[in-house]
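K.L.:
below is the structure, and that's it, no one-letter string:
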């Protein structure tokens, strides 16, 4: 059972969203079995929604969900809930800003039967020094508070078994802005079968 739902939050990504859709749509077509690409437009104030609607006919397995702006975390939580409700076997989350590489996905997919959660680990960050600093502070804080090592708590590149993820979704407050961080902590605290897989950034 390999029904894969790739879910992405999108906010003001009109410039690059077509390229991102084209790249990741090829992934779901290669997987098949009713797989879908779902983009949640998080109340974009540019033309992201119009661009997506204009290309929809080209991608029959692309689903566009439009919602008011609530931020990245709540949008991810909503996307996970949607994928679970729609019967996805696997849920993969990445962002729509083009910073992640679809080629990295297949290394995750080939290991899917050995792990319940496979989470990307950005060993060579191309973000600003400020963002890298914040990431290190977050990693240290999580270790101090929860006594777990979370290599990349908020990495937007994670493959998850739906029937395992659904146990954790009710524990995430609807308006929580770091849902992926919270999930990572809960996975490690509960000693889930997690693999941290290295990925590259564009």
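P.N.:
Cool, the structure landed. Fair warning: this is a prediction, and the values are worked out from it, not measured in the lab. Numbers count the residues shown, from 1 in each chain.
K.L.:
how far off centre is the helix or strand harbouring residue 24?
P.N.:
Assigned by DSSP states H and E, residue 24 belongs to helix 17-31. Centroid displacement of helix 17-31 relative to its chain, using Cα atoms, centre = their mean, to the nearest Å, is 14 Å.
K.L.:
in that helix, what counts as buried?
P.N.:
Using 16 or more other Cβ atoms under 10 Å as the burial criterion, the residues of helix 17-31 that qualify are 17, 20-21, 24-25, 27-28, 31. Yep, even glycine has a C-beta here, placed from its N, CA and C like the rest.
K.L.:
for the residues you listed, which two are the farthest from each other?
P.N.:
Spanning the widest gap among these are 17 and 31, at 21.1 Å by Cβ to Cβ.
K.L.:
show me where the chain has helices.
P.N.:
Remark: helices assigned in the chain by DSSP state H are 17-31, 48-55, 72-85, 105-109, 129-146, 162-165, 179-189.
K.L.:
pLDDT (mean, whole number) over the last one?
P.N.:
If I follow you right, that is helix 179-189. Per-region confidence: helix 179-189 scores 89 on mean pLDDT.
K.L.:
that helix - contacts with which helices or strands?
P.N.:
On a contact count with 3 or more Cβ pairs under 8 Å, 6 or more residues apart in numbering; DSSP states H and E, helix 179-189 meets helix 72-85, strand 117-122, helix 129-146.
K.L.:
only the buried residues of that helix, if you could.
P.N.:
179-188.
K.L.:
likewise for the fourth one?
P.N.:
Taking 16+ other Cβ under 10 Å as the basis for neighbour counts, the residues of helix 105-109 that come out buried are 105, 108-109.
K.L.:
try the second one
P.N.:
Along helix 48-55, these residues count as buried under the neighbour rule (16+ other Cβ under 10 Å): 48-49, 51-52.
K.L.:
look at the nearest residue to residue 202 once chain neighbours are set aside and report its pLDDT.
P.N.:
Once flanking residues are discounted, residue 202 sits nearest to residue 99: 5.3 Å by Cβ to Cβ, 6 or more residues apart in numbering. As summarised for this prediction, residue 99 has a pLDDT of 89.
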